[in-house]
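Chemist: model this:
(chains A, B, C and D)
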Protein chains: 2
Amino acid sequence: MQTASADIETAANLLKLLGDKTRLGIMKVVSEQECCVCEFVELFQMTQPAVSQHLRKLKDAGLVRETRRGQWIFYSLNSDHPQFGFVRSIIERIPNQTYKLDELAAQAKRICCD
Amino acid sequence: MQTASADIETAANLLKLLGDKTRLGIMKVVSEQECCVCEFVELFQMTQPAVSQHLRKLKDAGLVRETRRGQWIFYSLNSDHPQFGFVRSIIERIPNQTYKLDELAAQAKRICCD
DNA sequence: TCAATAAATAAGCATATACTTATATAATGA
DNA sequence: TCATTATATAAGTATATGCTTATTTATTGA
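Modeler: Numbers count the residues shown, from 1 in each chain, chains lettered A, B, ... in the order given. Okay, here's the model as predicted:
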């Protein structure tokens, strides 16, 4: 069993990971819909490597999952994360980002693998 | 009115501030009881300046209040913070630290200004 | 008035973080 | 097979962060 202080450290590390506006934005977006890297690049107006590096941190922490579909790699929320309840309680309080996804769709910039 | 993206940035900055085990510990402790700096020094086994610097960040962000009582400056949770609901929802999920305060009391290291 | 105690601040430093550009890897489709 | 597109990774860099030690400021009580 973990000690309480280990738990507080675990929580602090999680919060630090979410304490970046790009990563927090990614987490909110993937809580609404799966997205691929090039969509995040559009959404956040960042370079592709910068987005990839944030995604890697989230993936290393087990917060997101990746699935390749053809050329694209889609990211989604990992609801099996041991602290998922904690993570969800935070994400819930972040303003909704669906309008951003809608804007992408309006510009025909969403990726669809039907 | 603030834009949603400004709000997500505000949230990220709050999470970053809480994303340090010392500051998160301080926030949990002051959510249970007022404490003065020398108590935090004992609780976290850190130097006094290191503790002071963390407290300053929390105070600058408006997360804690300070009250001088004689020689000591006591810190408490600021429940008037605009994002207090968000902050509380996080603090609630952090393991209880009262046992640490009890340990201090057992060593007669708690400060009392009656 | 002055020594002791509590706390804040300043300055310096090592490490962490978030980007940049360049390049490698992987999948597609002509 | 090869150009194109998507993504990851590597290496470099500027800035942020969290400590350290030294010093200043504030309060108490003899």
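Chemist: where does the prediction get shaky in chain A?
Modeler: Within chain A, the stretches with pLDDT under 70 are A:1-6, A:113-114.
Chemist: could you pull out the strands for it?
Modeler: For chain A, the strands defined by DSSP state E cover A:35-36, A:64-69, A:72-77.
Chemist: got those as a markdown table, with distance to A:M46 and mean neighbour count columns?
Modeler: For every residue, glycine as well, the C-beta is placed using N, CA and C. What follows is the strands of chain A, written out as a markdown table (distance: least, Cβ to Cβ, whole Å; neighbours: other Cβ atoms under 10 Å in any protein chain shown):
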| stretch | distance to A:M46 | mean neighbour count |
| --- | --- | --- |
| strand A:35-36 | 13 | 22 |
| strand A:64-69 | 17 | 15 |
| strand A:72-77 | 15 | 18 |
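Chemist: take those strands and write them to CSV, including distance to DNA strand C.
Modeler: Formatted as CSV, the strands of chain A follow (distance: least, Cβ to the nearest atom of the strand, whole Å):
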stretch, distance to DNA strand C
strand A:35-36, 12
strand A:64-69, 6
strand A:72-77, 9
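Chemist: turn those into CSV, including distance to A:F44.
Modeler: Output for those, formatted as CSV (distance: least, Cβ to Cβ, whole Å):
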stretch, distance to A:F44
strand A:35-36, 11
strand A:64-69, 15
strand A:72-77, 13
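Chemist: which positions in chain A make contact with DNA strand C?
Modeler: For chain A, the contact set with DNA strand C under Cβ under 7 Å from any atom of the strand comprises A:16, A:19-20, A:22, A:46-47, A:49-50, A:53-54, A:57, A:68, A:70-71.
Chemist: those also near DNA strand D: which ones?
Modeler: Under the cut-off given by Cβ under 7 Å from any atom of the strand, DNA strand D has A:P49, A:Q53, A:Q71 from the residues of chain A next to DNA strand C close to it.
Chemist: the second one: neighbour count?
Modeler: Using other Cβ atoms under 10 Å in any protein chain shown, the number of residues around A:Q53 comes to 12.
Chemist: re the thing from before, ok, so of the ones next to DNA strand D among the residues of chain A next to DNA strand C, who is nearest B:Q97?
Modeler: Taking Cβ to Cβ as the measure, B:Q97 lies nearest A:Q53 of these, at 34.2 Å.
Chemist: list the buried ones in the longest helix along chain A?
Modeler: Scanning chain A for the longest helix, with DSSP state H as the assignment, gives helix A:4-18. Buried residues in helix A:4-18, counted by 16 or more other Cβ atoms under 10 Å in any protein chain shown: A:I8, A:E9, A:T10, A:A11, A:A12, A:N13, A:L14, A:L15, A:K16, A:L17, A:L18.
Chemist: let me know the closest of these to A:L63.
Modeler: Each of these was scored against A:L63 by Cβ to Cβ, and A:L17 proved nearest at 7.0 Å.
Chemist: not counting its neighbours along the chain, what's nearest that closest one?
Modeler: Residue nearest to A:L17 in three dimensions, not counting chain neighbours: A:A61, with 5.5 Å by Cβ to Cβ, 6 or more residues apart in numbering or on different chains.
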